[in-house]
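**Student:** coords please:
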Amino acid sequence: MLKDYPYTAIKYQFFSDLPLITLVGIGLQDITDHAYSWHNLHRRDKHCLLQYCISGQGALTVNNSTYTVSKGKAFLINIPGNSHYYLPQNSSRWKFIYLEFSAETLPLLCKIHNRLGPVIYLEKETELIQQISSFYEHALNNTLNSLFLNTKLAYNFWMDLLNYSLAYSAENSAKIDIAKQYIEHNYWKSTLNIDMLADETGYSKYHLCKKFHKQFGISPMKYLQQMRISVACKLLINKPDFTVKKIAAEVGFNDSDYFCKVFKLLKGTTPNTFRKQSAYYNSLQIIYEKPQKN
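**Tutor:** Model prediction:
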C-alpha cells in the first residue's frame with residue numbers, strides 16, 4: 001500500500017462556522033531515527049489522529065499502558081491527551097500513513113476506544129485501507145481543498161470505521177464467550193488448561209487472557225477455579241454422601257489437598273467446615289449472571 005507514493009505532509013485549514021468532521025492533515029513517513037517521539041499531553045493543536053502502520057513497528061503508550069503498533073495495525077488517539085507514540089529501541093523502522101481529523105471526530109473515536117481500545121487491526125482487503133489510500137491520492141492531487149468534498153469523505157470514512165469496529169468487537173466478544181462457555185461445560189476435566197482454551201478460540205494464550213479479562217474482569221484460569229469451587233459448594237450440600245476427595249475429583253482436581261487449599265482461599269473455610277455450616281439447608285442453588293444450559 002502506498003509504496004510508490006512520495007513522502008510528504010499536508011495540512012488543511014478550513015474557515016466555517018459549521019461543526020463538521022474534516023480531514024485537517026495527512027502524511028506519509030518512513031521513520032528510522034529513534035529520536036522520533038511525540039508526547040501529546042501538552043500539545044496545543046487539537047485533533048483526532050489515526051496512524052496506520054505499513055511496515056516496521058512503532059509503539060504507543062496511553063495512560064501507562066504500552067501497545068505495539070506493527071504492520072496492519074492503526075492507533076487512534078485524541079490530541080492533546082495522555083499518550084506518547086515513538087519508534088522503540090527494538091525497531092529499526094516505522095513506515096506509516098497518518099490522518100488528522102478535526103476535534104468534532106472525538107465522540108466517534110471514544111466509541112471505538114470503548115469497544116476495542118486505542119489500537120485496532122485493519123485487514124488489508126478492507127475498504128478502509130482503500131479509503132486511506134484515496135485520501136492520500138486526493139491530497140497529492142490537491143483535490144481535498146473543497147470543504148464539502150473533504151467532509152463527505154471524512155464522514156464516510158468514520159462511519160465505515162465505526163461499523164468495522166463494532167463488527168470486529170462483536171466477533172471478538174463472541175470468541176471470548178466461547179471460551180467462557182467451554183469452561184462452564186468442561187470445568188470437571190482435570191486436563192483443562194489455557195492451551196486448550198486458546199485452541200478453542202484461535203487466540204494466542206496472551207491475547208485470550210487479555211481479552212477475557214477485559215470482557216469479564218477476571219482471567220480465564222481464575223474463572224475456571226471459581227467455577228470449580230462454586231460447583232463443589234453445591235455438591236457439598238446436595239451430596240452429603242460424597243467425600244471431599246470424590247467432590248474434588250468431580251470438579252477437576254486430581255489432588256484433594258490442593259482442592260482444600262484453593263477452597264479455603266476462595267471461601268475462607270475448609271470444605272468440611274462449609275458442609276457443617278450449611279447442614280440446615282436442604283439444597284444449594286447457584287445463580288449465574290446468565291441462565292446456564294443443562
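**Student:** from here on, contacts and neighbour counts on C-alpha atoms
**Tutor:** Noted.
**Student:** Regarding this protein, what is its longest helix?
**Tutor:** Taking DSSP state H as the criterion, the chain has its longest helix at helix 147-186.
**Student:** And the helices in the protein, which stretches?
**Tutor:** Using DSSP H, helices in the chain cover 106-116, 127-140, 147-186, 194-201, 205-216, 220-238, 244-250, 256-267, 271-277.
**Student:** Report the inter-axis angle for the third one versus helix 106-116.
**Tutor:** Spelled out, it's helix 147-186. Angle, helix 147-186 to helix 106-116, by axes from the mean of the first three to the mean of the last three C-alpha atoms, to 10 degrees: 20 degrees.
**Student:** now the angle between helix 127-140 and helix 147-186, please.
**Tutor:** Using the same axes, to 10 degrees: helix 147-186 against helix 127-140 is 160 degrees.
**Student:** average pLDDT across helix 147-186?
**Tutor:** In this model, helix 147-186 carries a mean pLDDT of 85.
**Student:** Which neighbouring elements make contact with it?
**Tutor:** Helix 147-186 sits against strand 23-31, helix 106-116, helix 127-140, helix 194-201, helix 205-216, helix 220-238, with contacts defined as 3 or more C-alpha pairs under 8 Å, 6 or more residues apart in numbering; DSSP states H and E.
**Student:** likewise the fourth one?
**Tutor:** Secondary-structure packing of helix 194-201 (3+ C-alpha pairs under 8 Å, 6+ apart): helix 147-186, helix 205-216.
**Student:** closest to residue 70 out of these?
**Tutor:** helix 205-216 (15.3 Å; C-alpha to C-alpha).
**Student:** quick one: average confidence on that closest one?
**Tutor:** Computed over helix 205-216, the average pLDDT equals 82.
**Student:** Send over it as PDB, restricted to the C-alpha atoms.
**Tutor:** Extracted in PDB, the C-alpha atoms of helix 205-216 (Å, rounded to 0.1, in the frame of the first residue of the first chain):
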ATOM      1  CA  LYS A 205      -2.700 -17.500  25.200                       C
ATOM      2  CA  TYR A 206      -1.600 -13.900  25.800                       C
ATOM      3  CA  HIS A 207      -4.400 -12.400  23.700                       C
ATOM      4  CA  LEU A 208      -7.000 -14.800  25.200                       C
ATOM      5  CA  CYS A 209      -6.100 -13.800  28.700                       C
ATOM      6  CA  LYS A 210      -6.100 -10.100  27.800                       C
ATOM      7  CA  LYS A 211      -9.400 -10.100  26.000                       C
ATOM      8  CA  PHE A 212     -11.100 -12.400  28.600                       C
ATOM      9  CA  HIS A 213     -10.000 -10.100  31.400                       C
ATOM     10  CA  LYS A 214     -11.200  -7.100  29.500                       C
ATOM     11  CA  GLN A 215     -14.700  -8.600  28.900                       C
ATOM     12  CA  PHE A 216     -15.200 -10.300  32.300                       C
END
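**Student:** Noted, bye for now.
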